[in-house]
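# got a predicted structure here, sequence first:
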Amino acid sequence: MKAKSKYQKDVAFINRQKELSYLEKYINERPESILFIHGPKSSGKTTLLYKFFEKTGKEQKLDVKFLNLRETWIGNYKDFIRIFFGIADKSPQKDVKETREYGVFNFFKLSVEVLKRMEKGELDPFQIMKREFIKLTGKGIKPVIIIDELQAIDHIYMSNGKDRQLIIELFNFFVAMTKESHLAHIIIASSDGYFLNTVYNDSRLKKTSKFFKVDYLSRADVMEWLLHIEKYSKITDYKLDEEAAQKIWDAVGGNAWEIQDILSELFSAGLEEVLAQYKKKVQAMVAHYCEFDSRKREILQVIARERNARAGDFEATGIEGAQLKELLRDMVRNNILYFDPMDATYSPQGNSYYHGITMYIDAG
């Protein structure tokens, strides 16, 4: 039997009972809507989904197909086909070379001939997926498709003309599979608030979708974690008292990735030094982003003052509407700010960016 690798620190998963219960309720209902999971960058959306289906897959008959578009590049329609569809295991020996060329995710396994016909636009990939869903449900298996950061393919068009945008065709298919045919659960996760805002304001999708926010961890969860790091992170080299845990919370809030990062640094430096360096690092990132552009600084002055700002709060900057809209979009795209599509507010990407922004503004 192989010995398990031992690490100084493990990846922690804290609480999330409310989120897990919501996902369980969604999966246990007959499919009737697309579920959009949204929230700030590094709020734990992807980890939550992995954990949920790892647990639920042991309790129910599920066929979960998980595509994380951070991990793969889809540059055109052919890439999309080769990611979503793989070669069937029974392919003839002569097709071995061609088999190696196709996608690693193997969402749906087909023959080489069928794949090539889809690439040419001769076969409809959505009809093939639908047949697979019908086959699975007939066996008592629940099909689930999860796509993380779907907006990454919004530049791709179908092979048979520029008038068919792939992401729109996918949404049409997802509506058909959930609301109309009730064949599969569809979950879309994204930290791009603008993308989700477009979806939310699309009358057809709004009436066929659910939106659920996964936010940063609460203070209670962070304190539970940090005061019991041996239990949650398997750290035995040091311990944290309540004062130290509070300082970490003040610096980065409930951003799990940043807390993990700080815990790693504490193996080689003291807490005060680690937190001071962390704040300076984020301040430098903000300063570098704003370099030579006074308009960005004016926008961040509003954020430093309001923390959660609406579009009207930026009117005092005097920046014209089109320019302001593009600057805000760029700040969201570069993860300086988070745009919440449900209440149309702009805020820093967590406590660390709030401190970085205020330090940058105060530095003059």
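Here it is on my side, so go on. The shown structure was predicted, so the numbers you read here are calculated from the model rather than taken from an experiment.

# can you give me the neighbour number for Asp215?
When neighbours are defined as other Cβ atoms under 10 Å, Asp215 has 15 of them. In short, each C-beta sits where N, CA and C put it, glycine included.

# Val214 is in contact with Leu48, isn't it?
Yes: Val214 is in contact with Leu48 according to Cβ atoms under 8 Å; the separation is 5.9 Å.

# what sits in contact with each of those two?
Residues touching both Val214 and Leu48 (Cβ atoms under 8 Å, 6 or more residues apart in numbering): 19, 37.

# from what I can see Met223 touches Asp241, true?
No: taking Cβ under 8 Å as the definition, Met223 is not a contact partner of Asp241, at 11.1 Å.

# these two: who's more crowded?
Met223 (17 against 9).

# please give me every residue in contact with the closest residue in space to that one that isn't next to it in sequence.
Among residues not flanking Met223 along the chain, Ala245 sits closest, at 5.4 Å (Cβ to Cβ, 6 or more residues apart in numbering). For Ala245, the contacting residues are 222-223, 226-227, taking Cβ under 8 Å, 6+ apart as the criterion.

# among those residues, name the ones in helices.
Using DSSP state H, the subset of the contacts of Ala245 located in helices is 222-223, 226.

# okay, those residues in JSON lines with distance to Val112 and pLDDT next?
Supplementary listing: the ones in helices among the contacts of Ala245 in JSON lines, determined by distance: Cβ to Cβ, whole Å; pLDDT from 0 to 100:
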{"residue": "Val222", "distance to Val112": "51", "pLDDT": "98"}
{"residue": "Met223", "distance to Val112": "56", "pLDDT": "98"}
{"residue": "Leu226", "distance to Val112": "53", "pLDDT": "98"}
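
# tell me where the protein has strands.
Shown for the chain, the strands assigned by DSSP state E span residues 34-38, 62-68, 85-87, 108-110, 142-148, 185-190, 209-213, 337-340, 345-348.

# name the residues that touch the last one?
What it means is strand 345-348. Residues outside strand 345-348 that contact it (Cβ under 8 Å, 6+ apart) are 303, 307-310, 328, 331-332, 336-340, 354, 356-357.

# among the residues you listed, which ones are buried?
Applying 16 or more other Cβ atoms under 10 Å to the contacts of strand 345-348, the neighbour count classes 303, 309, 328, 331-332, 336-340, 354, 356-357 as buried.

# tell me which of those residues is nearest to Leu69?
The shortest gap between Leu69 and any of these belongs to Val332, at 17.7 Å (Cβ to Cβ).
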